[in-house]
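Participant: turn this into a structure:
(chains A and B, ligands or ions: 3)
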Amino acid sequence: MNRRKFLGLVGATAAVAAAGTSAHAAGNTHFTGHPEANAVLFDATECIGCRKCEDACNKVNELPKPDKPFDDLTVLDTKRRTTEKIYTVVNKYENSKNPNLPVFRKNQCNHCQEPACASACFVKAFKKTPEGAVVYDESLCVGCRYCMIACPWSIPAYEYDEPLTPRVMKCTMCHPRILEGKLPGCVEICPKEALKFGKRDELIKFARNRIEAYPDRYLDHIYGENEMGGTNWLYISGVPFGELGLEEGLGVTSAPELTSGALAAVPVVTGLWPVLLTGLYAIHKTREKIEKKEKDDAVSAALTKAASEAEAKLSSELEKADVANKRKIEVEVKKAVEEALLPKDDDDAPEEEA
Amino acid sequence: MKKGRFLLRWGAIVALLVTFSLTGIEAMGVVKQPVASGEQRADIIMIDTLKTFGKLEEAPVAFLHDQHTDALKKQGKDCTACHETEKDRLSTKFKRLKDVDMGTVKETYHANCIGCHKEMKSQGQETGPTDVSCRSCHSREVKASSNWKAISMNKSLHYRHIASDAIPKGSEEANCASCHHKFDEQSKKLIPAPGEEGACSYCHKEEATKDVQDIRSASHTSCVSCHVDVAAQKADSGPVTCQGCHSADMQAKVKVVKDVPRLKRNQPDAVLLTVADAKTLATDSKGLMKPVAFDHKAHEAFNDNCQACHHDAIASCATECHTVAGDKKGGFVKLEQAMHKPDSQRSCIGCHNERKAAKDCAGCHALIPEGRTSDQSCSSCHAEDAKLDGTAQIKSMSKEDKAAMATAMIEARKPAGIFKISEIPEKVLISDLVDTYEPAEFPHRKIVETMYAKVAKSELASAFHTSKGTFCQGCHHNSPASENPPRCASCHGKNFDATSNARPGLKAAFHQQCIGCHTAMELEKPAATACADCHKERK
Ligand code: SF4
Ligand code: SF4
Ligand code: SF4
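Facilitator: Ligands and ions are numbered 1, 2, ... in the order given. As a prediction, the model looks like this:
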């Protein structure tokens, strides 16, 4: 079976592909996110659908100019999705609370705490950074597009019309800008602060306070706090999230955790098993090889580091011990001399120096 | 392409599965529910009378009441064809006055329903089922859906009854006692209760008791019987069909009297609401919350009927039900909650909150967090009157003294007006953030004047915006009301920071305030996305 044919089959049976390839991706411990991770909180009650965020995203990421300018709000009349040239789109939805006032939602990568895209990627082209973003390394990508199938929100897009080195494209949370201490492009421009940037745990606290202060304005739910194991793009809204095109039945278990358990064994497409297993075995082997190498590298690096650290520590301890010993001897000698010189009748005087 | 064909094959299998399960449901005989798009009726009655004797053996019968009334009318028959009368009133029961036992009741329905249908059929008339098959009536599919709507005796409707020629006038007793009565325990009779009138539902509850009919039977026997009698005298009468009272269309057509004279039932104009029940007042009244001078007369005008506040009895809230500590009689809702629960339409705050949601008020109030209290918020109702020492002193005051004091306190509440118009900046140039846009020119004085006009025209708003700076704080919030409030940039920094009190950054502070207020007030222009309407783009 050639690779192309195999991928085609896998593509048609998404769940199995995601399940099989990531069966070893996670253990049973619950990962609650990097402690210092950043996040963005989207407030659907603030968004006015101005598309400034789309504009800013296009500029900071130097993406190609779209057909219609960003101040053309008629594009909101159709539901759009992210593409390889558009990392984020704002869509308009009917407002079940107030039919005269539409609601809007900005769509982009949700920067999962335990990304399905990353766990589906057998060459580890996707990486979750401690700062919060899920980033992509095109130099590792082999173009299998498992990530696109795995993502619960169908975010990653593929440069199909790029003949030589097609890449998978998605929102980067403006990771480079964050490292420079800047705000993500979309957050910075939003006139209503419908997008708020901050530490994930602080934003969650903020969102909770907000919901409590305005109980009529918000539903009592922060989307992304727990969905699929939690995301670093969070949402609050006055209307049910399903009405904003956000999948509501995703559950709170992360993709890697889901697929490492018993679910991975559910035969979704029974007839295909032999074919799939052969393919998956091959992929698995490749992956194992990569993992083994990474592990070996890491171990030897750690060992070298530990050895040199231990050596440094030992010599400094020895030095310290040496100084301490000398000092101890000196003190003892001094004490003995003083005792010898002390007059005997002063015995019951209070010991002041003690 | 192989992949394409493969997908097609799977698609076909899935489609087959779906079709199978759908037809499967159909084949199992699941009855379709009446659809909302069908006819809407207010007269669908589910006859399930036998359930008082135990579990039903058959499904209830959906009965279209008005359809039967019409059919009988055509034959020259009236309500008595089906309903017997007792003490001049029509019974709501079908062909009987009492539910003797299951067998008898069942037989009453079967013999009379089918009997009548058969008779009509023999006369060649169109009629209901005549066979003895259970399913013809039980589990019969009704094509219409119900649009039944409760009707309430509002002030206008009440006044039209008082003023009606069909109801004896002259003495108040004769007039009121035509409907209002009380149950005399001793004689076991209904007797007039002058001065004690209240809503029917105070006594007639959802469920009947030994002596008291349920509200449904009570209102139908009284209202419909009377309407039927009056109509028989060819006088102007109220509806006698289900539709007549219970369809939204007909309710909308009910004549409304605008200026209804105030109903007099010994109620006070002004009340000094003490913040305690009698027991607390007698035993431990030191340091209680200050009383509230309540303008009863004004509130009567704002509400449809007494029940809007006096929902279960006309007595004062704190006497028995909503005591300070809470009581079983009042569902353990304490006095404090009864007055302040934000989500109850009967509490002061709950009802005021509803008014604040109106367009004119929402501009500011929608942006103010719920439950936010300031130093002033208690004292806007619980007056800091120097003469009043909490509740301790009230104990010794007579009812009249209290009413007089309340009246004086209400009169003392005067809207404070606004700062001198000439001192209020006419235009404010918002230039803190100029980058891609020119400064925004904000028509400050015009907005102040518009806001003030809205406050002044509302009695409620006037009563609460009592200091000159109160409504300025809609925008100039979180710092004491003043003629010279600090500029926005004093508190709003460059960007949002979740840790520093979670204030919006300056740019968002402006936009959230302006756009938020315009949206809440449903002002269409300028549109939230029309940037250049407020600040010109920099070229
Ligand atoms: S910039 Fe802000 S307000 Fe405008 S569409 Fe984007 S998220 Fe909504
Ligand atoms: S939203 Fe999709 S693309 Fe983004 S991190 Fe999660 S799985 Fe990956
Ligand atoms: S975070 Fe950056 S990449 Fe992502 S949507 Fe915003 S501007 Fe675009």
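Participant: ok, now how distant is the closest residue to B:Pro439 other than its chain neighbours from B:Phe442?
Facilitator: Excluding the flanking residues, the one nearest B:Pro439 by CB to CB, 6 or more residues apart in numbering or on different chains is B:Ser431, at 3.6 Å. To be clear about C-beta, it is placed using only N, CA and C from the backbone, and glycine gets the same treatment. Taking CB to CB, to the nearest Å as the measure, B:Ser431 falls 10 Å from B:Phe442.
Participant: does the residue lying closest to B:Cys488 once chain neighbours are set aside sit in a helix or strand, and which one?
Facilitator: Distance criterion CB to CB, 6+ apart; nearest residue to B:Cys488, sequence neighbours excluded, is B:Ala509 at 5.6 Å. Taking DSSP states H and E as the criterion, B:Ala509 maps to helix B:506-520.
Participant: ditto for A:Asp201
Facilitator: helix A:200-213.
Participant: any idea which helix or strand comes after that helix?
Facilitator: Next helix or strand after helix A:200-213 toward the C-terminus (DSSP H and E): strand A:233-236.
Participant: hmm, B:Met405 is touching B:Leu272, no?
Facilitator: Yes. Using CB atoms under 8 Å, B:Met405 is in contact with B:Leu272, at 5.8 Å.
Participant: pull up the overlap in contacts between those two.
Facilitator: Common contacts of B:Met405 and B:Leu272 (CB atoms under 8 Å, 6 or more residues apart in numbering or on different chains): B:Ala293.
Participant: so which of these two has more stuff around it?
Facilitator: B:Leu272 (23 against 20; other CB atoms under 10 Å in any protein chain shown).
Participant: quick one: mean pLDDT over the helix or strand hosting that one.
Facilitator: Assessed by DSSP H and E, B:Leu272 sits inside strand B:270-273. For strand B:270-273, the mean pLDDT works out to 91.
Participant: returning to what we had before: now do the helix holding A:Asp201: everything it contacts.
Facilitator: A:33, A:35, A:37-41, A:43, A:132, A:196, A:198, A:218-220, A:222, A:225, A:232, A:234, A:236, B:369-372, B:498-499, B:502.
Participant: can you rerun that using 7 Å?
Facilitator: A:33, A:37-39, A:41, A:132, A:196, A:218, A:220, A:222, A:225, A:232, A:234, A:236, B:369-370, B:498-499, B:502 (CB atoms under 7 Å, 6 or more residues apart in numbering or on different chains).
Participant: check which residues of that helix are buried.
Facilitator: A:Arg200, A:Glu202, A:Leu203, A:Ile204, A:Phe206, A:Ala207, A:Arg210, A:Ile211 (16 or more other CB atoms under 10 Å in any protein chain shown).
Participant: TSV for the residues you listed, including distance to A:Cys144 and pLDDT?
Facilitator: Output for the buried residues of helix A:200-213, formatted as TSV (distance: CB to CB, whole Å; pLDDT from 0 to 100):
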residue	distance to A:Cys144	pLDDT
A:Arg200	30	96
A:Glu202	37	94
A:Leu203	34	96
A:Ile204	34	96
A:Phe206	39	95
A:Ala207	36	96
A:Arg210	41	94
A:Ile211	41	95
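Participant: where exactly do the helices run in chain A?
Facilitator: Using DSSP state H, the helices of chain A run over residues A:3-12, A:14-21, A:52-60, A:116-120, A:146-150, A:175-179, A:185-189, A:200-213, A:255-260, A:273-341.
Participant: and the stretch 151-300 of chain B, by the same measure?
Facilitator: Assigned by DSSP state H, counting those that start in this stretch, the helices in the stretch 151-300 of chain B fall at B:155-162, B:172-177, B:215-219, B:225-232, B:242-246, B:248-253, B:278-283, B:296-302.
Participant: shaky segments in chain A?
Facilitator: A:1-31, A:259-296, A:298-299, A:302-304, A:306-307, A:310-311, A:313-354 (pLDDT under 70).
Participant: which positions in it make contact with ligand 2?
Facilitator: A:109-112, A:115-117, A:134, A:151, A:153, A:155-156, A:170 (CB under 6 Å from any ligand atom).
Participant: try it again at 5 Å.
Facilitator: Contacts of chain A with ligand 2, taken as CB under 5 Å from any ligand atom, map to A:Cys109, A:Asn110, A:Cys112, A:Pro115, A:Ala116, A:Cys117, A:Val134, A:Cys151, A:Trp153, A:Ile155, A:Pro156.
Participant: filter these down to the ones in strands?
Facilitator: A:Val134 (DSSP state E).
Participant: among the residues of chain A next to ligand 2, which one lies nearest to chain B?
Facilitator: A:Asn110 (18.7 Å; CB to the nearest CB).
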